[in-house]
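[1] predicted model, plus sequence, below.
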Amino acid sequence: MLRRAMFRCGQLCSVEFDLRAEPLYFTLSSSPQVLHHAHQQLFGDCGKLFSLHVQCANRIEKAQTHAEIKHKLSSTLSRDCDVFEASSFIPDVANSVVKGFFIRDKSTTTLSEDLLNTLRQSERVCVFSYKREGQYCWQELWSPVNQVEGSERQYITPAAAAEHHPSTLNIRNSDVFYSMDEAYKVLQECTDIIPESKEVLKLVDEQLETSRGDGFPVIVIEGLDATGKTTLTEALRESLNATLLKSPPQCLAPFRQRFDSEPPLIRRAFYALGNYITAAHIGKESLRAPVIVDRYWHSTAAYAIATAVGGRVENLPRPGSELYQWPEDLLQPNLVLLLTVNPEERLRRLRDRGQDKTVEEAELEINQFFRLKVEEAYKRIQNPACIIVDASPSPQEVLQQVQHLIRNKCHL
Ligand SMILES: Nc1ncnc2c1ncn2[C@@H]1O[C@H](COP(=O)(O)OP(=O)(O)OP(=O)(O)O)[C@@H](O)[C@H]1O
Ligand SMILES: Nc1ccn([C@@H]2O[C@H](COP(=O)(O)O)[C@@H](O)[C@H]2O)c(=O)n1
């Protein structure tokens, strides 16, 4: 197999060197180019530098191999190795991103080389190494025996930042699905390796009738975990004499853990299909009574986008991006309410629920960027957009606030 570098001439390349800052951007050229200071810092004076990516035509195998490598790198490499997420892409061109890793090994051991050599024995894994001479740095195909495999030198050439963060380019139909068919295809492609896919597809097939006439209102309650969705949806069910549904629906519960352990392509397709099953239930139930839905497409899209996009909130797709548009073939609710509480109150609620203190604090601290991105993505979703509800007051006050909104917007 021809091994082609992830970082290639003609493409813009990025390395998530520091998650709090912009990625470091560069291109490649066949003539030597002087590195900027920041690039020198990244490449450093340390001994060994590698890039690594999966090259494979089958998207399911590629996603799984990438996830396996990510796990291996983080669990095996010593503290002397830094592993950065890296991409190469064509600016503004959807699905042009090739994802991989950049490894900086400061140790004197051969741990990273041993691991890379093992990975490299797979036809699908390509490893390139970097050499420095003064202010110049270039990449070459890496072979542990001969050190380099005589490929042409490609010099690292500093470049200006891309207008759109690379992780936004591959979201459509990899992280977020905008039609049932696209999500369905992913699970069809998985049936050999994940037998449960067949059962999920069967459940989807059984629920195809999703059209809804002028039935009762459908109200979706969204929000991060521990914002009070369960508490509120139960109270609304009683007070409105409504039917309470969830996405993913109960019939998918036995499969959830299985799909949660899969890479984003497969996991997100599973949740997308869950929404279509819930839509079918909504279609039927809203003929009889108002329907309250605990999480729906806003959650599926917001979590998927926030996970796919590295680093800061500023890296999210811009407001108004088509990535925030509701899928045309998915039943729309009449009202979507987003419960928000400040991080301290959410932490208190998580604690009261009995979650281990250190774990939850670590989660809030480490995932601060993630939480901000999920909340912001929720707010950017359109048609329908969500209405923000301050869920900090007591459960009774939140219920009253929401009942008032439902009366005004849905005339219930
Ligand atoms: N308005 C409120 N004021 C104070 N505590 C609340 C309020 N609403 C819910 N809680 C408490 O906060 C915790 C989380 O609430 P709940 O389980 O309803 O959240 P959730 O959004 O459904 O969470 P998850 O998505 O993780 O299931 C529970 O212990 C609940 O009793
Ligand atoms: N409609 C939905 C609902 C959930 N998800 C995914 O599940 C996670 C949150 O679920 P909870 O049981 O904790 O509420 C979240 O990570 C989402 O990725 C979804 O995609 N779509």
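    Here it is on my side, so go on. Ligands and ions are numbered 1, 2, ... in the order given.

[2] what sits against the closest residue to ligand 2 within the stretch 1-150 of the chain?
    Closest to ligand 2 within the stretch 1-150 of the chain is residue 67: 15.5 Å, counting by C-beta to the nearest ligand atom. All C-beta atoms are positioned from the backbone trio N, CA, C, and that covers glycine. Contacts for residue 67 (C-beta atoms under 8 Å, 6 or more residues apart in numbering) come out as 262-263.

[3] which SS class is it?
    helix (DSSP: H, G, I helix; E, B strand; the rest coil).

[4] now it: how far from residue 23?
    21 Å (C-beta to C-beta, to the nearest Å).

[5] find the nearest non-adjacent residue to the closest residue to ligand 2 within the stretch 101-250 of the chain, please.
    Proximity of the stretch 101-250 of the chain to ligand 2 (C-beta to the nearest ligand atom) peaks at residue 247, 3.8 Å away. Computed as C-beta to C-beta, 6 or more residues apart in numbering, the closest residue to residue 247 that is not its neighbour in sequence is residue 278, at 4.0 Å.

[6] so what does the host helix or strand of the one you found touch, helix or strand wise?
    Element membership of residue 278, judged by DSSP states H and E, is helix 264-285. Helices and strands touching helix 264-285, by 3 or more C-beta pairs under 8 Å, 6 or more residues apart in numbering; DSSP states H and E, are helix 59-76, helix 180-190, helix 196-205, strand 243-246, helix 253-260, strand 291-294, helix 297-308.

[7] now the fifth one and helix 196-205, what's the angle there?
    The one in question is helix 253-260. 130 degrees (axes from the mean of the first three to the mean of the last three C-alpha atoms, to 10 degrees).

[8] tell me which residues in helix 253-260 are buried?
    255, 258-259 (16 or more other C-beta atoms under 10 Å).

[9] mind checking how far residue 319 is from ligand 2?
    Residue 319 sits 21 Å away from ligand 2, going by C-beta to the nearest ligand atom, to the nearest Å.

[10] could I get the buried residues of helix 253-260 as JSON lines with distance to ligand 2 and pLDDT?
    Output for the buried residues of helix 253-260, formatted as JSON lines (distance: C-beta to the nearest ligand atom, whole Å; pLDDT from 0 to 100):
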{"residue": "255", "distance to ligand 2": "13", "pLDDT": "98"}
{"residue": "258", "distance to ligand 2": "14", "pLDDT": "97"}
{"residue": "259", "distance to ligand 2": "10", "pLDDT": "98"}
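
[11] which ones among these come in contact with ligand 1?
    Contacts with ligand 1 are made by none of those, judged by C-beta under 6 Å from any ligand atom.

[12] let's have those residues in JSON lines, adding distance to residue 404.
    Shown next, in JSON lines, are the buried residues of helix 253-260 (distance: C-beta to C-beta, whole Å):
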{"residue": "255", "distance to residue 404": "38"}
{"residue": "258", "distance to residue 404": "41"}
{"residue": "259", "distance to residue 404": "38"}
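
[13] I'd like the next helix or strand past the least confident helix or strand in the chain by mean pLDDT.
    Lowest mean confidence among the helices and strands of the chain (mean pLDDT, DSSP states H and E): helix 357-366, at a mean of 51. As assigned by DSSP H and E, the chain's next helix or strand after helix 357-366 is helix 368-380.

[14] do that next one and ligand 2 come into contact?
    No: judged by C-beta under 6 Å from any ligand atom, helix 368-380 stays clear of ligand 2, getting no closer than 8.6 Å.

[15] just the buried residues of whichever helix or strand comes after that helix, please?
    Next in sequence after helix 368-380, counting helices and strands by DSSP H and E, comes strand 387-390. Of the residues in strand 387-390, residue 389 count as buried by neighbour count, 16+ other C-beta under 10 Å.
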